[in-house]
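Trainee: Pasted the sequence and its predicted model underneath.
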Amino acid sequence: MAETKHKIFLRAIDALTQIDLWKQSGCEIVFTNGCFDILHLGHITYLEEASSCGDKLVIGLNMDASVKKLKGDDRPIHHEESRAAVLAALQAVDMIILFSEETPLKLIKTITPDVLVKGGDYTISNIVGSKHVREHGGVVKALSLIEGYSTSAVIDKILASKVK
C-alpha cells in the first residue's frame, strides 16, 4: 500500500498542488465520483474508459457517512480507507479525493476538471457539476454502462445464497 498511498487525499485542498502541476504540464484532468463499495467488472471497465478520456483520472470517493446517507444504514460494506486503497491500486486511477457531502459539487468546483464523466445510467443534464465544468470550457460525458453489474446486485446475490 505504500506505493499507492500518495494517490489518496483526505481533503481537496491538499490535492490541488498536484492537480495544478498536472494542468501546468498540459495534462487533461478527468473526474468521476462514486462509492465504489464492492469493486466489480462494471467498475473496472468504467474506470478504464474514464481514464482514456484524458491524461489523469481523479476520483471523488464518498466517505462512509455520505455512503450511508445515499445507500442506507447497511452500507458501506468496506470502510473508506479500504475502498480508497483498492482504487489507488488500479493503474487507471491517478488520484482519489475523499469527500463527505452527498454530491461532489463542491469538490468539482474546487478542482474544475477538464472532463467530467459518469456512467451511462446518467444523462449529461443530470450529472452533478456538469454546468460548472461546461462553463469553464470542459467536457461532460456519460460513459457506457455494462448491464448486470452493480454493487447492490452483488450484495443481493450474497444475501440470497445465505438464505438457502
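Mentor: All right, it came through fine.

Trainee: From residue 96, how far off is residue 131?
Mentor: Noted for residue 131: a distance of 24 Å to residue 96, by Cβ to Cβ, to the nearest Å. C-beta here means a position set from N, CA and C on the backbone, and glycine is covered the same way.

Trainee: So if I had to pick from those two, which one is more boxed in?
Mentor: When residue 131 and residue 96 are compared for neighbours, residue 96 comes out ahead with 25 against 13, by other Cβ atoms under 10 Å.

Trainee: All the strands of this structure, residue numbers only.
Mentor: 8-9, 29-34, 56-62, 95-99, 115-118, 139-142 (DSSP state E).

Trainee: In JSON lines, list those along with mean pLDDT.
Mentor: What follows is the strands of the chain, written out as JSON lines (pLDDT from 0 to 100):
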{"stretch": "strand 8-9", "mean pLDDT": "97"}
{"stretch": "strand 29-34", "mean pLDDT": "97"}
{"stretch": "strand 56-62", "mean pLDDT": "98"}
{"stretch": "strand 95-99", "mean pLDDT": "98"}
{"stretch": "strand 115-118", "mean pLDDT": "96"}
{"stretch": "strand 139-142", "mean pLDDT": "96"}
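
Trainee: Next, format these as TSV and append distance to residue 15.
Mentor: TSV is the format used below for the strands of the chain (distance: least, Cβ to Cβ, whole Å):
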stretch	distance to residue 15
strand 8-9	4
strand 29-34	11
strand 56-62	8
strand 95-99	5
strand 115-118	16
strand 139-142	21
